[in-house]
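Q: Structure of the sequence below:
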Amino acid sequence: ELAKELKEELEYINIISEKQYIVLNDYINRDIIGIYYTENSLSINILFIRNGKLLESHNKIIDVVSSLDEDLSSYLAMFYKNHEVPKEILIYKTFEGIDVLEDMFDMKFIIPEKGKKKELVNMACNNAKIFFERESKLIDNKNKRTKDVNKELGKLLNLPNLSRIELFDNAHLFGTFTVSGMVVFINGEPCKNAYRKYKSTKDVNDDYHVMKEVIYRRYYHA
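A: From the prediction side, this is the model:
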């Protein structure tokens, strides 16, 4: 399984690192867009071809919120506001909003049916799939490690149902403007909406009593 994963990784690196590989001999600047999608996620791979050469690649995974076409159109609109707009873009199929993008950026979307251009679109779609599978595996492994560590910590602390952890630390500016911060982890993952900052009533360099005050204020009504 590890060998297969490394092989796919190497293939992906080879694809995006062929900076001097002439892929089209008409020397037209164009982008190749490939996608791979599931019910909830859309993986996008964009190949940048300049003067016939494959220069680099861009990858992104976004959540499907509205519909595949609408979310793809919205992402490309934001992307090309901040990136060079080529003369033409090759893509696997038409989608809702393609006319708006063409008018907005004065470019042309083309859906090739055969030949080298079709092969490039297929390669971009395959890149998008490889990237999605690799990132999904990394996320799954990270989540598993997080859950395992949280479970092990619960055993060490004799807390079989450990779910929420709150951590405190204090800071001050030369003994004044003392504040304390609370960060929260739920099931091993940071929950930033629950973070809190407390301004201490004690403007002194006294971590012990500042911590005492903040913990009292946090848990008195909890």
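Q: and the helix or strand hosting I35, what's its mean pLDDT?
A: Assessed by DSSP states H and E, I35 sits inside strand 30-37. Strand 30-37 shows a mean pLDDT of 94 in the predicted model.
Q: Show me what it is packed against.
A: strand 41-50, helix 68-81, strand 88-91, helix 115-156 (3 or more CB pairs under 8 Å, 6 or more residues apart in numbering; DSSP states H and E). Bear in mind the C-beta positions are built from the backbone N, C-alpha and C, glycine included.
Q: Tell me how far the residue nearest the centre of the chain lies from N126.
A: What sits nearest the mean C-alpha location of the chain, by CA atoms, centre = their mean, is I61, with 6.1 Å. Remark: distance between I61 and N126 (CB to CB, to the nearest Å) = 15 Å.
Q: try M107
A: Counting by CB to CB, the gap from M107 to N126 is 24 Å.
Q: H172 is in contact with N205, isn't it?
A: Yes: H172 is in contact with N205 according to CB atoms under 8 Å; the separation is 6.1 Å.
Q: the more surrounded of these two?
A: H172 (18 against 12; other CB atoms under 10 Å).
Q: Look up the closest residue to that one, ignoring the ones flanking it.
A: Counting by CB to CB, 6 or more residues apart in numbering, T178 is the residue found nearest to H172 once chain neighbours are left out, at 4.2 Å.
Q: How many residues are close by that neighbour?
A: The number of residues packed near T178 is 23, by other CB under 10 Å.
Q: any idea how far H83 is from the residue nearest to G97 when sequence neighbours are not counted?
A: Spatial nearest neighbour of G97, excluding adjacent residues (CB to CB, 6+ apart): S73 at 3.1 Å. Between S73 and H83 the computed distance is 16 Å (CB to CB).
Q: between those two, who's got more neighbours?
A: Comparing S73 with H83 by other CB under 10 Å, the one with more neighbours is S73, at 19 against 12.
Q: wouldn't that one be in contact with E96 here?
A: Yes: here S73 reaches E96: they are 6.6 Å apart, a contact under CB under 8 Å.
Q: Run the chain-centre distance for stretch 154-166.
A: Computed by CA atoms, centre = their mean, to the nearest Å, the separation of stretch 154-166 from the middle of its chain amounts to 30 Å.
Q: Just the residues contacting it, thanks.
A: Contacts with stretch 154-166, where a contact means CB atoms under 8 Å, 6 or more residues apart in numbering, come from 150-151, 153, 182-187, 218.
Q: Any quick ChimeraX command for the buried ones out of those residues?
A: To isolate the buried members of those in ChimeraX, using 16 or more other CB atoms under 10 Å:
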select :150,182,184,185
